[in-house]
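S.K.: Have a look; sequence and predicted model below, questions after that.
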Amino acid sequence: MILRHTYTLFAPIYDLVLRRISAPLRRANLEDFDARGKRVLIAGIGSGLDLPHLPRGGHYVGIDLTPAMLRRARPRAARRGDVQLHQGDVMALPYPDHSFDAVIMHLILAVVPQPQRALREAARVLKPGGEILILDKFLRPGERAPLRRAINPLSRRLATRMDVVFEEVKCCCGELRVERDEPALARGWFRRIRLRKA
């Protein structure tokens, strides 16, 4: 799979490129998240950059496609003691229906080849009443964004997609309702979104 190979190559520099830029965004998206007594899935945990910002009191399960990224996440997970790491595909989660109280999806929906499938899987493993916390870059419906669309064929092969429209992704999951949708960075290109499962 191309994505696995790309992020295997990217793993050694991933933290250098993203940690400083993404830390405030990750922290802000998790600041009012109550994890006490909850089983929480971190879909696309990568090198574990979310782990320092996760509130205590929950039981976390992180899944990622790339063994090289998981190797980098292991020391961070070990320091916490409340995180299990699994290798797997967020577009085909190896968990039963309704097995998590919450799902965190930071910078993953614009990375996977089929974001609708990833969100559908997150909704499947989420218990009724549970929440999905999303942080990612999305185009708005009808937004032209010619430069982003022009570089998308290359960027999607290297690391991330530039053409994902959140509203098109969400339309596959009618049981999810939007509770929050706020701009996070770059004039609203990056957004903080909270969904609740009916």
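M.R.: Everything's here; your move.
S.K.: elements contacting the helix or strand of the chain with the lowest mean pLDDT?
M.R.: In the chain, the helix or strand scored least confidently by mean pLDDT, DSSP states H and E is helix 146-158, which has a mean of 78. Applying 3 or more C-beta pairs under 8 Å, 6 or more residues apart in numbering; DSSP states H and E, one finds that helix 146-158 makes contact with helix 2-30. C-beta: built from backbone N, CA, C; applies to glycine.
S.K.: Run through the chain and note the low-pLDDT ranges.
M.R.: Along the chain, segments meeting pLDDT under 70 span 1-3, 5, 9-11, 158.
S.K.: check which helix or strand covers the residue nearest in space to the middle of it.
M.R.: In the chain, the residue lying closest to the centroid (C-alpha atoms, centre = their mean) is residue 105, at 2.3 Å. Element membership for residue 105 (DSSP states H and E) is strand 100-106.
S.K.: what's the angle between that strand and helix 2-30?
M.R.: For strand 100-106 against helix 2-30, the angle by axes from the mean of the first three to the mean of the last three C-alpha atoms, to 10 degrees is 110 degrees.
S.K.: Tell me the buried residues in strand 100-106?
M.R.: By 16 or more other C-beta atoms under 10 Å, the buried positions in strand 100-106 come out as 100-106.
S.K.: separation between the residue nearest to residue 57 when sequence neighbours are not counted and residue 146?
M.R.: Of all residues not flanking residue 57 in the chain, residue 36 sits nearest, at 3.7 Å (C-beta to C-beta, 6 or more residues apart in numbering). Computed with C-beta to C-beta, to the nearest Å, the distance linking residue 36 and residue 146 is 46 Å.
S.K.: could you dump the buried residues of strand 100-106 to TSV with distance to residue 125?
M.R.: Formatted as TSV, the buried residues of strand 100-106 follow (distance: C-beta to C-beta, whole Å):
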residue	distance to residue 125
100	5
101	10
102	10
103	7
104	12
105	12
106	17
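S.K.: Of all pairs in the residues you listed, which one is the farthest apart?
M.R.: Between any two of the buried residues of strand 100-106, the greatest separation by C-beta to C-beta is 17.2 Å, found for 101 and 106.
S.K.: who are the neighbours in contact with residue 168?
M.R.: Neighbour list for residue 168: 116, 141 [criterion: C-beta atoms under 8 Å, 6 or more residues apart in numbering].
S.K.: Swap in 10 Å and give it another go.
M.R.: Residues near residue 168 by C-beta atoms under 10 Å, 6 or more residues apart in numbering: 115-116, 138-139, 141.
S.K.: Can you list the buried residues in the lengthiest strand in the chain?
M.R.: Using DSSP state E to define each element, the chain has its longest strand at strand 126-137. Using 16+ other C-beta under 10 Å as the test for burial, strand 126-137 gives 126, 130-137.
S.K.: same question, stretch 161-172
M.R.: Using 16+ other C-beta under 10 Å as the test for burial, stretch 161-172 gives 161-166, 169-170.
S.K.: The residue nearest to residue 57 against residue 54, yeah?
M.R.: No: at 11.9 Å, residue 36 does not count as touching residue 54 under the criterion of C-beta atoms under 10 Å.
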